[in-house]
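Participant: With the input below, show me the fold.
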Amino acid sequence: MYESIARFIRNDVHEIEKDIQKLLDGAIDCAELSIDIQKRLETLGASMISEIYELIDEEIFNSLVRKKNWYVEHKDEPRELVDVMGLIRFKRRGYVPKNGGKNIYLLDELLGLDGHQRITLAAASRVLEETILTSYAKGGKAASRTESISKEAVKELVHGTVVEMPEKEYAQKKTLRFLHIVADEDHVAAQFWENKGDLEKDSNGNKINTIMPKLVVVYEDIIDESPEGSKKHRYKLVGKKVFSGVYEGATENRKLWEEVEKYIYNTYDPNVLERIYIAGDGAGWIKTGVDVIDKSRFVLDKFHIMKYINTSTAHLENADEIKEVLWECINGAYLEGLKTQYKAILKVTDNPRKREDVEAAWKYFKNNWAGIEIRKAESGGVWGCCAEGQVSHVLSSRLSSRPMGWSVLGCDQMAQMRAFKQNGGKIIDLLRYQKKEQKKQRRRQEQEELIRDLRKRQSGWDYSEALDAEIPGLEKQSLKWLKDMINQQLGA
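Facilitator: Okay, the predicted model is just below:
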């Protein structure tokens with residue numbers, strides 16, 4: 001690090017002074033000055049990191065703990081990493097344990113670098129943050145200003161990220177009488193199931209290629225954030241928590257709802273909580289939530305009620321009038337009245353396909369009547385949230401609104417990461433947690449002993465004195481921040 005800073009002061013500062021003179025002379029503008037300084041600082045940063053890594057590797061080599069446990073097998077082995085500041089190049093030594101074993105790069109182990117890793121956590125988080133919003137291609141270009149990674153590398157990063165973080169623990173649980181859940185799924189096009197070209201076709205020649213990632217949104221209330229008197233309403237869900245993923249099959253469906261249940265009873269006081277309303281379209285996987293979560297009741301989602309009412313009346317001349325009557329029956333939970341209306345609609349419906357639609361709508365309402373009755377029977381419900389809108393915002397905008405195909409794994413990972421972001425999570429924290437857990441599993445006793453020895457040796461590093469000696473008159477504060485950073489990198 002000392003060499004990098006000294007070189008920057010000797011060379012780059014002089015060039016920056018020239019830029020300042022050009023700025024005053026009008027030869028360049030402020031933007032050009034900023035760009036030039038940014039480039040120089042990024043180069044300095046990459047150089048500093050490379051030098052720090054090689055310095056740590058030298059200290060590992062000189063460590064008595066290392067000498068006791070490892071032989072040197074290779075030296076000056078090069079490695080490159082894409083970082084937010086650019087490309088980091090450094091050399092390190094390879095070792096073999098004295099008691100036998102495979103070659104190991106102790107520097108890589110102490111830094112938490114996997115053998116196949118080609119990108120730092122900071123750059124990887126930038127890639128994923130962009131990929132979650134846009135595309136693999138744009139994500140690859142977001143690694144740094146000067147370096148990018150391929151779409152294939154982005155895909156591997158997406159597939160390999162474990163979307164798992166410890167749940168926040170509340171010192172005191174929230175007290176709430178009623179809690180609300182909306183649940184629905186998206187319809188995403190699959191590229192393939194196991195291997196490319198394995199998609200089958202139905203009797204009409206259409207590919208059977210639909211992946212259905214599920215979405216569950218828990219919330220406490222709905223508030224209108226639009227200004228008073230505004231004609232357009234902007235609603236916000238209070239206490240929102242999002243769960244998402246593919247969750248295929250009965251076992252996985254239960255797993256999803258068990259995750260939701262765990263969150264609810266870790267967050268809310270069960271002694272105060274009276275009812276949990278699960279709103280959706282009546283699909284079996286949604287009603288599974290009622291079986292899993294205590295105190296829950298299924299509610300038929302307003303969006304799907306409206307969808308079937310519109311389907312039932314679209315061909316009628318007095319459609320608006322019939323819609324109003326159907327809604328009265330729904331809101332009043334008047335089953336016989338609804339049955340009478342559907343009989344009347346069928347009498348004036350001659351088209352066979354349209355009759356099928358009307359009959360299907362009536363069957364849908366009849367099969368989900370308990371989810372309609374509760375809308376009238378219980379006053380604790382807040383029925384204004386539309387699951388379809390949540391699906392569009394969280395899933396469809398990235399997974400299905402554009403012509404693209406996904407693998408089941410890619411779709412599942414993207415759904416999980418978008419839910420993680422919706423819950424306020426930071427990708428860099430996710431990657432750090434994953435790396436921390438991996439390091440816990442890999443570290444051996446000898447390596448822990450080596451780390452303790454390195455910490456003692458590192459405490460004697462003093463760059464400020466060296467810089468003062470190299471550049472007389474330069475006043476520099478103690479680089480304690482750098483020592484803290486090294487300790488953090490070593491797992492302090």
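
Participant: Mind naming the longest helix for this structure?
Facilitator: In the chain, assigned by DSSP state H, the helix with the most residues is helix 30-62.

Participant: which helices and strands sit right next to the very next helix or strand once past it?
Facilitator: The helix or strand immediately downstream of helix 30-62 is helix 64-69, counting by DSSP states H and E. Contact here means 3 or more Cβ pairs under 8 Å, 6 or more residues apart in numbering; DSSP states H and E; on that basis helix 64-69 packs against helix 445-458. Where C-beta positions appear, they are placed from N, C-alpha and C, glycine not excepted.

Participant: what's the helix or strand for the residue lying closest to residue 53 once chain neighbours are set aside?
Facilitator: Distances taken as Cβ to Cβ, 6 or more residues apart in numbering put residue 90 closest to residue 53, at 4.4 Å, once the chain neighbours are dropped. Residue 90 is part of strand 86-97 when elements are defined by DSSP H and E.

Participant: and that strand, what does it pack onto?
Facilitator: helix 30-62, strand 70-83, helix 106-111.

Participant: and if we set it to 6 Å?
Facilitator: Secondary-structure packing of strand 86-97 (3 or more Cβ pairs under 6 Å, 6 or more residues apart in numbering; DSSP states H and E): helix 30-62, strand 70-83.

Participant: So which of these is nearest residue 354?
Facilitator: Residue 354 lies closest, by Cβ to Cβ, to one member of the helices and strands packed on strand 86-97: strand 70-83, at 58.5 Å.

Participant: and residue 402, helix, strand or coil?
Facilitator: coil (DSSP: H, G, I helix; E, B strand; the rest coil).

Participant: for this structure, which spans come out with low pLDDT?
Facilitator: Residue ranges of the chain with pLDDT under 70: 379-385, 441-447, 457-492.

Participant: how much space is there between residue 170 and residue 236?
Facilitator: The gap separating residue 170 from residue 236 is 22 Å, by Cβ to Cβ, to the nearest Å.

Participant: typed the wrong thing, it's residue 10
Facilitator: As judged by Cβ to Cβ, residue 10 and residue 236 stand 55 Å apart.

Participant: repeat for residue 428
Facilitator: 26 Å.

Participant: just residue 244 next, same as before
Facilitator: Relative to residue 236, residue 244 is positioned 19 Å away (Cβ to Cβ).

Participant: if you count what's nearby, which of those two comes out ahead?
Facilitator: A count of neighbours by other Cβ atoms under 10 Å puts residue 244 above the other of residue 244 and residue 236, at 27 against 12.

Participant: Name the SS class of that one, please.
Facilitator: Counting by three-state DSSP, the backbone at residue 244 sits in strand.

Participant: Contacts only, for it.
Facilitator: Under the criterion of Cβ atoms under 6 Å, 6 or more residues apart in numbering, the contact list for residue 244 reads 215, 415, 419.

Participant: Please flag which of those residues sit within strands.
Facilitator: In strands, defined here by DSSP state E, the members of the contacts of residue 244 are residue 215.

Participant: For the helices and strands packed on strand 86-97, give me a markdown table that also has mean neighbour count and distance to residue 251.
Facilitator: Shown next, in a markdown table, are the helices and strands packed on strand 86-97 (neighbours: other Cβ atoms under 10 Å; distance: least, Cβ to Cβ, whole Å):
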| stretch | mean neighbour count | distance to residue 251 |
| --- | --- | --- |
| helix 30-62 | 17 | 45 |
| strand 70-83 | 16 | 39 |
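
Participant: could you dump these to a markdown table with distance to residue 433?
Facilitator: Shown next, in a markdown table, are those (distance: least, Cβ to Cβ, whole Å):
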| stretch | distance to residue 433 |
| --- | --- |
| helix 30-62 | 22 |
| strand 70-83 | 20 |
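
Participant: what's the spacing between the residue of the chain most remote from its centre and residue 341?
Facilitator: Residue farthest from the centre of the chain, counting by Cα atoms, centre = their mean, is residue 347 at 51.8 Å. The spacing between residue 347 and residue 341, counted by Cβ to Cβ, is 11 Å.

Participant: wait, what's in contact with the residue nearest to residue 186 when sequence neighbours are not counted?
Facilitator: Nearest residue to residue 186, sequence neighbours excluded (Cβ to Cβ, 6+ apart): residue 395, at 4.1 Å. Contacts for residue 395 (Cβ under 6 Å, 6+ apart) come out as 186, 213, 215.

Participant: Neighbours of the spatially closest residue to residue 210 that is not a sequence neighbour, how many?
Facilitator: Nearest residue to residue 210, sequence neighbours excluded (Cβ to Cβ, 6+ apart): residue 187, at 5.3 Å. Using other Cβ under 10 Å, residue 187 has 13 neighbouring residues.
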